[in-house]
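*Asks:* for reference, the sequence and a predicted model appear below.
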Amino acid sequence: MKEVALSEIKDELSKYLRLAEDEEIVITRHGKPAGLLIGFASEEDWFDYRLEHDPRFLQRVESARKSVREGRVTRIEDLAP
């Protein structure tokens, strides 16, 4: 993870967007973290990011995990062929 001052990001945004495709860049203001620049190498990366941060999706995952913990699932091995 790289740290870059906001003033530098503003002057060379295109450069840092390209760099952010490979690593997250912490944007600092007066030497303190102020934001995070995340680049996407492809539309699939953008889709994955959106999915991983979608509250509805995360809620469904947690609900499924709770069902597993409580034993309210059917194992695939138990399904009739």
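*Replies:* Thanks, I have it.

*Asks:* outside of the longest helix along the chain itself, list whatever touches it.
*Replies:* Looking across the chain with DSSP state H, the single longest helix is helix 55-69. Contact with helix 55-69 is made by 51, 73, as judged by C-beta atoms under 8 Å, 6 or more residues apart in numbering. (C-beta placed from N, C-alpha, C; glycine too.)

*Asks:* what pLDDT, on average, does it get?
*Replies:* Averaged over helix 55-69, pLDDT sits at 95.

*Asks:* measure the residue sitting nearest the centre point of the chain to R56 for me?
*Replies:* Nearest to the mean C-alpha position of the chain, by C-alpha atoms, centre = their mean, lies Y49 at 4.2 Å. As judged by C-beta to C-beta, to the nearest Å, Y49 and R56 stand 15 Å apart.

*Asks:* what's the answer for D78, then?
*Replies:* Distance, D78 to R56, using C-beta to C-beta: 29 Å.

*Asks:* likewise D45?
*Replies:* Relative to R56, D45 is positioned 20 Å away (criterion: C-beta to C-beta).

*Asks:* more neighbours, these two?
*Replies:* More neighbours surround D45 than the other of D45 and R56, with 13 against 8 (other C-beta atoms under 10 Å).

*Asks:* tell me the secondary structure for that one?
*Replies:* Recorded secondary structure, D45: helix (DSSP: H, G, I helix; E, B strand; the rest coil).

*Asks:* residues contacting it?
*Replies:* Applying C-beta under 8 Å, 6+ apart, we find D45 in contact with no residue.

*Asks:* from memory E21 sits against F40, does it?
*Replies:* Yes: the pair E21 and F40 qualifies as a contact (C-beta atoms under 8 Å) at a distance of 6.7 Å.

*Asks:* which of those two has more residues huddled nearby?
*Replies:* Neighbour tally, E21 and F40, criterion other C-beta under 10 Å: the higher count belongs to F40, 15 against 12.
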